[in-house]
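Participant: have a look at this fold, sequence not included:
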């Protein structure tokens, strides 16, 4: 059965309104140093912002909407880190008293012993050190105000009220718009476990602890009738955070642990309500140390999801659409390629968006393609440009739908 149109969505983060940014900045930081306290006034503003955002997405032609990650707060206008740092406020067992992934000493890997190094020791940041540190270059990663804790005790999920708020706000938006197809993002175990571990006996044990904790959030989203999007840059982006560069076989073994932990967290959940998002890190940089998609695409398909989101519009990965000529998409699964990017201020022409959609439709079938953005647009490009990109996405999908379905 065909829908006779190309569905559209996005990767999660959308630019926050000035009012929401100001309200987040005004929130008091709790004694732990990274949890933001909530007030009834803030909660009411947040609900109104999400309801309005859902309506705006629909008007732009987005058919599978999200809450823009508005409930995943940062304390500054630089909000792109919220996809990860929000979890610090929802997971117990973390503190600022342990190791710091940004200031720790570099870690060296060896054959058969692959380990993540410190963030500043990433191979991309080292190779292009002068570019990243040149204030006039326009290249950089920025820094959010939320500090990065470490695991210093047994992990437990304490975000019940926060995820309930996310669900309620998005549901209110759906009810007001008269629609039902929507998603909420949630962190993967492998990405959560990238903070420093000062408690568990091994990195693998740390990952599996995150899997048990995050399962509660996944279930809450699915039980509400929504799609849970698993945000997991770790599958691809970890490659750049290993020094020296590992062998492909060693990296795949390192990555499979993260795939297995995620599948454990997803056990029993309906795949059609699970979307997996893979990216190489959304920071604006050269990305010459990105691993090629062909080395990990089959691992991605081992994840128990109904659809798979990945970058396909930026200059480093657009050519990789061709791997789907040889990679078999399992029956009943869909792909969610990015057809507009977060890494450039140039707004893609709708005809180009349609062409990109058609490439994928021709190799996996039009019913198996959902058109999306590469990564979240919030914090990466100006809000006006983000709106223009979403409009181009919607129009491009309409053009492609006409060509593909008549």
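Facilitator: On my side now, so go ahead. Because the structure is a prediction, the values reported are computed rather than measured.
Participant: switch to C-alpha atoms for all contacts and neighbour counts from now on
Facilitator: OK.
Participant: state the number of residues packed around residue 385.
Facilitator: Neighbourhood size, residue 385 [other C-alpha atoms under 10 Å]: 17.
Participant: surely it meets residue 342?
Facilitator: No. Between residue 385 and residue 342 there is no contact under C-alpha atoms under 8 Å: 9.8 Å.
Participant: ranges for the strands of the chain?
Facilitator: 7-8, 65-66, 91-95, 150-157, 182-187, 196-197, 227-231, 274-278, 307-310, 334-340, 370-373 (DSSP state E).
Participant: so what does the first one touch, helix or strand wise?
Facilitator: Put plainly, it is strand 7-8. Packing contacts for strand 7-8, counted by 3 or more C-alpha pairs under 8 Å, 6 or more residues apart in numbering; DSSP states H and E, involve strand 370-373, helix 383-405.
Participant: wait, isn't residue 281 in contact with residue 231?
Facilitator: No. In this structure, residue 281 is not within contact of residue 231 by C-alpha under 8 Å, at 10.8 Å.
Participant: neighbour-wise, which of those two wins?
Facilitator: Applying other C-alpha under 10 Å to residue 281 and residue 231 shows that residue 231 carries more neighbours, namely 26 against 18.
Participant: for that one, list the residues it contacts.
Facilitator: Contacts for residue 231 were tallied using C-alpha atoms under 8 Å, 6 or more residues apart in numbering; they are 83, 185, 186, 187, 188, 191, 276, 277, 278.
Participant: now, the most widely separated pair of the residues you listed?
Facilitator: When the contacts of residue 231 are compared pair by pair using C-alpha to C-alpha, the farthest-apart members prove to be 83 and 276, with a separation of 13.8 Å.
Participant: out of those two, which sits in the busier spot?
Facilitator: Neighbour comparison, residue 83 and residue 276: the larger count goes to residue 276, with 24 against 20 (by other C-alpha under 10 Å).
Participant: the more buried one and residue 299 touch, don't they?
Facilitator: No. The pair residue 276 / residue 299 is not scored as a contact, 11.9 Å apart, by C-alpha under 8 Å.
Participant: measure the closest residue to residue 126 other than its chain neighbours to residue 104 for me?
Facilitator: For residue 126, the nearest residue in space outside its immediate sequence neighbours is residue 120; the separation is 7.7 Å by C-alpha to C-alpha, 6 or more residues apart in numbering. Distance, residue 120 to residue 104, using C-alpha to C-alpha, to the nearest Å: 9 Å.
Participant: and those two? which has more neighbours close in?
Facilitator: Each of residue 120 and residue 104 has its neighbours counted (other C-alpha under 10 Å); residue 120 has more, 17 against 14.
Participant: go ahead and confirm that one touches residue 102.
Facilitator: Yes. Taking C-alpha under 8 Å as the contact criterion, residue 120 and residue 102 are neighbours in contact, 6.2 Å apart.
Participant: which non-adjacent residue is nearest residue 204?
Facilitator: In space, residue 204 comes closest to residue 257 once its chain neighbours are excluded; the distance is 7.3 Å by C-alpha to C-alpha, 6+ apart.
Participant: pLDDT below threshold where in the stretch 101-250 of the chain?
Facilitator: In the prediction, the stretch 101-250 of the chain carries residues with pLDDT under 70 at positions 138-147.
Participant: for it, just list every one of the helices.
Facilitator: Listed in chain order, the helices of the stretch 101-250 of the chain (DSSP state H, counting those that start in this stretch) span residues 123-127, 129-133, 160-177, 189-192, 203-223, 234-237, 248-266.
Participant: distance to residue 331 added to these, as TSV?
Facilitator: Output for the helices of the stretch 101-250 of the chain, formatted as TSV (distance: least, C-alpha to C-alpha, whole Å):
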stretch	distance to residue 331
helix 123-127	37
helix 129-133	43
helix 160-177	30
helix 189-192	26
helix 203-223	22
helix 234-237	23
helix 248-266	18
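Participant: okay, the ones you listed, which one's buried deepest?
Facilitator: Comparing these by mean neighbour count (mean count of other C-alpha atoms under 10 Å), helix 189-192 ranks first with a mean of 25.
Participant: so what secondary structure elements neighbour it?
Facilitator: Helix 189-192 sits against helix 203-223, helix 234-237, helix 248-266, with contacts defined as 3+ C-alpha pairs under 8 Å, 6+ apart.
Participant: which residues touch it?
Facilitator: Contacts with helix 189-192, where a contact means C-alpha under 8 Å, 6+ apart, come from 84, 87, 207-208, 210-211, 214, 231-235, 258, 261-262.
Participant: would you point out which residue is most central in the chain?
Facilitator: The centre of the chain sits closest to residue 231, judged by C-alpha atoms, centre = their mean, with a distance of 3.7 Å.
Participant: rebuild the helices and strands packed on helix 189-192 as CSV, extending it with distance to residue 136.
Facilitator: Rendered in CSV, the data for those read as follows (distance: least, C-alpha to C-alpha, whole Å):
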stretch, distance to residue 136
helix 203-223, 38
helix 234-237, 26
helix 248-266, 35
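Participant: residue 162 is nearest to which of those helices?
Facilitator: helix 203-223 (9.8 Å).
Participant: how far out from the middle of the chain is the closest one?
Facilitator: What separates the centre of helix 203-223 from the centre of its chain is 16 Å, taken as C-alpha atoms, centre = their mean, to the nearest Å.
Participant: check the gap between residue 196 and residue 309 for me.
Facilitator: 27 Å.
Participant: so for the two, which sits in the more crowded spot?
Facilitator: Neighbour count, other C-alpha under 10 Å: between residue 196 and residue 309, residue 309 has more, with 27 against 22.
Participant: now the more buried one, which residues is it bridged with?
Facilitator: residue 277, residue 336 (DSSP bridges).
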